[in-house]
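> mind folding the following:
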Amino acid sequence: MSKMDSTQTRLWHPFANMAEVCRKETIIDRGEGVWVWDTTDNRYLDATAGLWYCFVGHGRAELAEVAARQMKRLAAYSTFGDLANDPARTLAEKVSSICPIKDAVVFFTSGGSESIETAAKIARRYWTAVGKPDRDLLVTRAGSYHGMAGYGTSLAGIPSNANGYGELLPGVICIPPDDPGAFEKVLYDNPGEVAAFFGEPVRGAGGVFPPSDGYWKHIQRICRENDVLLVADEVITGFGRVGTWFGSGRFDFVPDMITGAKGITSGYLPLGVVICGPHVWEPFWNGKTGVFRHGYTYSGHAAACAVGLANLEIIEKEKLLTRTAQTEALLASEMKRIAQHHLVKEVRAIGLLAAFELSPDLLAENPTAADQVAADARRNGVISRNLLGHSLQISPPLIISGEELRFMTDGFLAALNGLDREVVGAKQKTVPLSGKKHLSN
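Next comes the predicted model:
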């Protein structure tokens with residue numbers, strides 16, 4: 001049996017090779033706006049908003065104060081059965097009012113993975129409730145990410161996230177990401193058996209891929225014509241990330257269910273939602289199906305819901321949807337600078353969500369290049385992360401300024417230029433930085 005020595009952390013990190021990180025953690029100590037500092041006082045621009053979530057920026061004292069007030073009054077209490085609390089009821093009303101689904105109801109979870117788990121169970125339970133239990137197939141797309149709980153791991157179109165666990169959930173069919181015809185073929189081959197179609201409006205952790213023109217309208221039509229539930233996974237795109245309250249609103253389609261998390265509280269407390277339209281909730285609310293035996297300890301957590309309400313109020317008060325729509329053009333311009341680098345295959349951006357993908361030639365020569373770019377960018381004061389070994393994530397807080405975006409881009413370009421000199425050779429042309437003086441601490 002291996003024995004842990006005193007230099008090793010006791011914290012098991014998610015999505016980490018613990019053999020590599022157990023002695024070299026970067027400990028984030030504090031944050032303000034788009035910036036975070038580690039315990040040795042190094043400052044970083046948070047190009048990922050934590051893990052896609054810190055929409056209103058770090059260090060918002062008003063959110064901490066809301067949480068403290070609610071915790072002093074009632075931190076949490078079960079919402080099982082007939083029990084409720086005012087923050088949960090009020091937040092459900094608010095989310096229903098801003099979502100694209102008319103007369104929606106809201107089921108609360110603790111985060112995105114639980115929201116996917118809930119939506120998938122609702123979908124299958126719905127068809128049983130309406131007398132069609134054979135409708136149990138769930139369709140998902142290659143390159144998708146739907147969390148890491150049992151259902152989400154099975155629904156994910158990223159094989160590396162599911163490898164080694166065995167078949168967790170039978171009845172999942174994965175199709176190409178931008179091919180409505182493949183979905184139609186699944187329906188043709190499995191008549192009357194498909195329960196729901198799951199998709200991210202913009203594929204996020206799979207590399208930040210916006211949809212092709214008209215894709216979601218086409219998928220919506222297929223679902224309606226074939227009586228299939230359409231589930232939009234908006235854990236990343238929900239609550240303002242793409243300049244509208246929901247990505248489904250931006251792409252002009254109306255799902256039967258929406259899953260959300262992250263931006264609803266800007267990560268200040270864990271919270272997730274499943275938003276359900278009347279077509280879905282009616283069989284559960286008409287008294288014919290009895291108890292829906294599903295829920296979580298912290299469903300409708302009072303303090304988390306209070307923070308969610310305050311966070312949405314900040315987004316409205318500071319007009320962050322409008323600001324994101326305006327800043328989108330600035331981010332697109334910065335991405336064009338990155339696209340000029342010969343080590344970059346392509347850039348993708350929509351709203352304040354973007355990625356740049358490294359060239360296949362570079363990755364063939366140096367398979368760990370994306371990790372190296374992320375590490376070098378961090379040394380240059382920018383935190384990002386490798387997406388699937390080929391792309392770098394960009395999803396900053398919605399409050400980011402143009403000057404801060406330039407700082408971010410300069411950090412990425414310096415990392416790419418450094419990799420160019422080290423791996424490819426100084427004979428290649430590098431892309432100049434903006435020439436702007438770096439922002440002071």
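> what segments of the stretch 201-350 of the chain are strands?
Under the criterion DSSP state E, counting those that start in this stretch, the stretch 201-350 of the chain carries strands at the ranges 229-233, 257-260, 272-276, 344-350.
> for these, give me CSV that also has mean pLDDT and mean neighbour count.
C-betas here are computed from N, CA, C, even on glycine. Shown next, in CSV, are these (pLDDT from 0 to 100; neighbours: other CB atoms under 10 Å):
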stretch, mean pLDDT, mean neighbour count
strand 229-233, 98, 28
strand 257-260, 98, 29
strand 272-276, 98, 29
strand 344-350, 98, 20
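> which stretch among these comes nearest Pro396?
strand 344-350 (11.7 Å; CB to CB).
> grab the CA positions of that closest one and hand them over as PDB.
Extracted C-alpha coordinates of strand 344-350, given in PDB (Å, rounded to 0.1, in the frame of the first residue of the first chain):
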ATOM      1  CA  VAL A 344      -3.700  28.200 -34.600                       C
ATOM      2  CA  LYS A 345      -6.100  26.200 -36.900                       C
ATOM      3  CA  GLU A 346      -9.200  28.300 -36.200                       C
ATOM      4  CA  VAL A 347     -11.000  30.400 -33.700                       C
ATOM      5  CA  ARG A 348     -14.700  30.100 -32.700                       C
ATOM      6  CA  ALA A 349     -16.700  32.700 -30.800                       C
ATOM      7  CA  ILE A 350     -20.200  33.800 -29.900                       C
END
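> direction included, what does it pair against?
Applying DSSP bridges, strand 344-350 is found paired with strand 353-358 (antiparallel).
> quick check: mean pLDDT of the partner strand?
For strand 353-358, the mean per-residue pLDDT is 98.
> now what about it, what contacts it?
202, 204, 207-208, 236-237, 241-242, 331, 335, 338-339, 343-349, 369-370, 373, 387, 390-395, 412 (CB atoms under 8 Å, 6 or more residues apart in numbering).
> with stretch 364-372 instead?
343, 358, 362-363, 386-387, 389-392, 415, 419, 423.
> if you set the cut-off to 7 Å instead, what comes out?
In this structure, residues lying in contact with stretch 364-372 by CB atoms under 7 Å, 6 or more residues apart in numbering are Leu358, Leu362, Leu363, Asn386, Gly389, His390, Ser391, Leu392, Leu419, Val423.
> residues touching the nearest residue to Lys288 once chain neighbours are set aside, list them.
Excluding the flanking residues, the one nearest Lys288 by CB to CB, 6 or more residues apart in numbering is Ala129, at 7.3 Å. The neighbours of Ala129, taking CB under 7 Å, 6+ apart as the test, are Pro283, Phe284, Thr289.
> buried members of those residues into PyMOL, please.
Command for PyMOL that selects the buried part of the contacts of Ala129, burial taken from 16 or more other CB atoms under 10 Å:
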select buried, resi 283+284
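> quick check, nearest of the contacts of Ala129 to Trp52?
Looking across these and measuring by CB to CB, the closest to Trp52 is Phe284, at 30.2 Å.
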